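Colleague: here is a sequence together with a model predicted from it:
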Amino acid sequence: MIAAGPLSPSRPIFGYPSGPMKRPTGPLSSVVCTVASIAAVGVVVVVLLASVAAAPALAQSPAVLAGVAKEVNEGKAVLVDVRSDREWASGHLAKAMSMPVDQIAAGKADLTRLPKDRPVYIHCSVGARSAYAARALRPKGYDARPLDAGPVQLVAAGFSPAK
């Protein structure tokens, strides 16, 4: 005969009876199940919305980037480079202003240089930092638009490199 040890089938685990779980019954059981289902769907929707909001900028075609270059060159929009100071020093675009994303995140960037009445196009190397910077600037009243293209792609689309 086997003695009933701490994990034997004859003893409940953590004070709960062993065996299959029973579905609750009673007048409120269907209401409780419905509310639980709605709450679960709500959690899924919130998670999906959060993942969309955290997604990087969508890929822009060369034609779209050429339109952005035209807006910036005509002064109808501004271009912000959110790469690091080291990356900026290694080469940047002629009409861009440097505002590293870490300074924006820390609240140390001079945002007074940015217009609130025109689009602010933001670029980095591949789009992740520009998307983050745009999310940080929008609540402050800026029409921040992240670009997924880096300096090489932007020059190919019509932006001029700094000399």
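Modeller: Structure's in. What do you need?

Colleague: now G67: which helix or strand?
Modeller: helix 62-73 (DSSP states H and E).

Colleague: what does the helix or strand just after that helix rub up against?
Modeller: Counting by DSSP H and E, the next helix or strand C-terminal to helix 62-73 is strand 78-81. Outside strand 78-81, the residues that touch it by C-beta atoms under 8 Å, 6 or more residues apart in numbering are 68, 72, 88, 92-93, 95-99, 114-115, 118-124, 133, 151, 159. Glycine gets a C-beta too; all of them are placed from N, C-alpha and C.

Colleague: so which of the residues you listed sit within helices?
Modeller: The helices, defined by DSSP state H, take in 68, 72, 88, 133, 151 from these.

Colleague: so which of the residues you listed comes closest to V82?
Modeller: A133 (4.6 Å; C-beta to C-beta).

Colleague: now do that closest one against A156, distance only.
Modeller: Distance, A133 to A156, by C-beta to C-beta, to the nearest Å: 22 Å.

Colleague: who has more neighbours, the two?
Modeller: The residue with more neighbours, out of A133 and A156, is A133; 27 against 12, by other C-beta atoms under 10 Å.
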